[in-house]
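> Using only what follows, build the 3D model:
(one chain, ligands or ions: 1)
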Amino acid sequence: MSFSLCCKTALVTGAGRGIGRTIAGKLAAAGAKVMVNDLDEAALCETEENLRKSGYKVDHATGDLTDPATPDKLVQATLETFGSVDIIVNNAGYSWDGVIQKTTDEQFLAMLEIHLMTPFRILRAASSYIRETSKAETAAGKRVMRKVVNITSIAGTDGNPGQVGYSSGKAGVIGLTKTLAKEWGRYNVNVNAVGFGLINTRLTQPLTSGEAHMEMHDHEIKLGVQPAMLESVKHACPLGRLGTPEEAAGAVLFFCSPLSDYVTGEVLICGGGFHF
Ligand SMILES: NC(=O)c1ccc[n+]([C@@H]2O[C@H](COP(=O)([O-])OP(=O)(O)OC[C@H]3O[C@@H](n4cnc5c(N)ncnc54)[C@H](O)[C@@H]3O)[C@@H](O)[C@H]2O)c1
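So this is what the prediction gives:
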């Protein structure tokens, strides 16, 4: 590998499964100490155990990020455990779909809460540490780059019928990304977003299988996409298939690495060339 992340601490949300779990693994393999979060404790502990078995430095902090107190606790836990926070990947997310006439206020707000409000709260919680540490480094004549990667979607950049809340949250986080890139450039923080197309995870299982669901806000939420959409990807996607979590995490790793030290405020689409 042409770079190392040793001496760096990374915080990855939604790391209990799917893309977040794979991102955590790639960061750890590159040498970073990793704090993983998810609301699903069993899945999260499995992620942690797998990484520990490989000899990586990892800890976990279970918590629902849409509880307003969780983002702050998570950042504090990272600082207390590892003494720094250098890479933040705002990955946790889920879809609660519906066309506009069937979308309730609660449903719409839930999508803004996890995809926009949560990254905002986590980054605000980390801002004191980042500003103070960067000022001290600059005073000592050192330039240390830190990294924020927010996860968005082609639903946010292109729009997608049936995802009015999800698309709005994923579009909103691009505004957060671009603004923070401007506010935090002076602190040597690269703030970028990766927008996925269709990646093979729990979120993209065919809806007919009826197995993927999650309990949120006292609702049993079905996860997945219409089988017709999955079929259409074979023709409409230049690469002719869904992406793998490995491929998705590769794009995120680029933004966490020194390879992207002079890239900020950008959105990288990792979707095999597919657009809605
Ligand atoms: N899979 C895709 O095709 C695709 C496409 C575009 C964007 N994305 C985005 O990529 C990210 C990862 O999705 P994935 O496909 O790996 O899904 P996934 O369901 O496999 O994993 C997401 C994880 O986030 C966790 N999570 C959800 N809400 C949480 C909360 N409130 N607090 C803490 N953890 C929470 C879940 O428990 C789950 O373990 C999400 O932001 C998703 O919107 C995925």
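
> just the strands in the stretch 51-200 of the chain please.
58-62, 87-90, 146-153, 189-196 (DSSP state E, counting those that start in this stretch).

> what's the pLDDT at the residue positioned nearest the centre of the chain?
The chain has N91 as the residue nearest its centroid, 1.5 Å off, counting by C-alpha atoms, centre = their mean. Predicted confidence (pLDDT) for N91: 98.

> and it, what is it in contact with?
When contacts are counted by C-beta atoms under 8 Å, 6 or more residues apart in numbering, N91 touches V12, T13, G14, A15, I19, G20, I23, I151, V252. C-beta here means a position set from N, CA and C on the backbone, and glycine is covered the same way.

> Wait, I154 touches C270, no?
No - assessed by C-beta atoms under 8 Å, I154 is found out of contact with C270, at 9.5 Å.

> Quick check: neighbours shared by these two?
G195, F196, G197.

> Where neighbours are concerned, which of those residues has the most?
F196 (28 neighbours; other C-beta atoms under 10 Å).

> C-alpha coordinates for stretch 187-201, CSV please?
Extracted C-alpha coordinates of stretch 187-201, given in CSV (Å, rounded to 0.1, in the frame of the first residue of the first chain):
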residue,chain,number,x,y,z
TYR,A,187,-7.9,23.4,9.9
ASN,A,188,-6.5,21.1,7.2
VAL,A,189,-9.6,18.9,7.1
ASN,A,190,-10.6,17.4,3.8
VAL,A,191,-14.4,17.2,3.8
ASN,A,192,-15.9,15.1,0.9
ALA,A,193,-18.8,12.9,0.1
VAL,A,194,-19.2,9.5,-1.6
GLY,A,195,-22.5,8.8,-3.3
PHE,A,196,-23.3,5.2,-4.0
GLY,A,197,-25.3,3.8,-6.8
LEU,A,198,-26.7,0.3,-6.1
ILE,A,199,-24.4,-1.7,-3.8
ASN,A,200,-25.3,-5.2,-2.7
THR,A,201,-26.2,-5.0,1.0
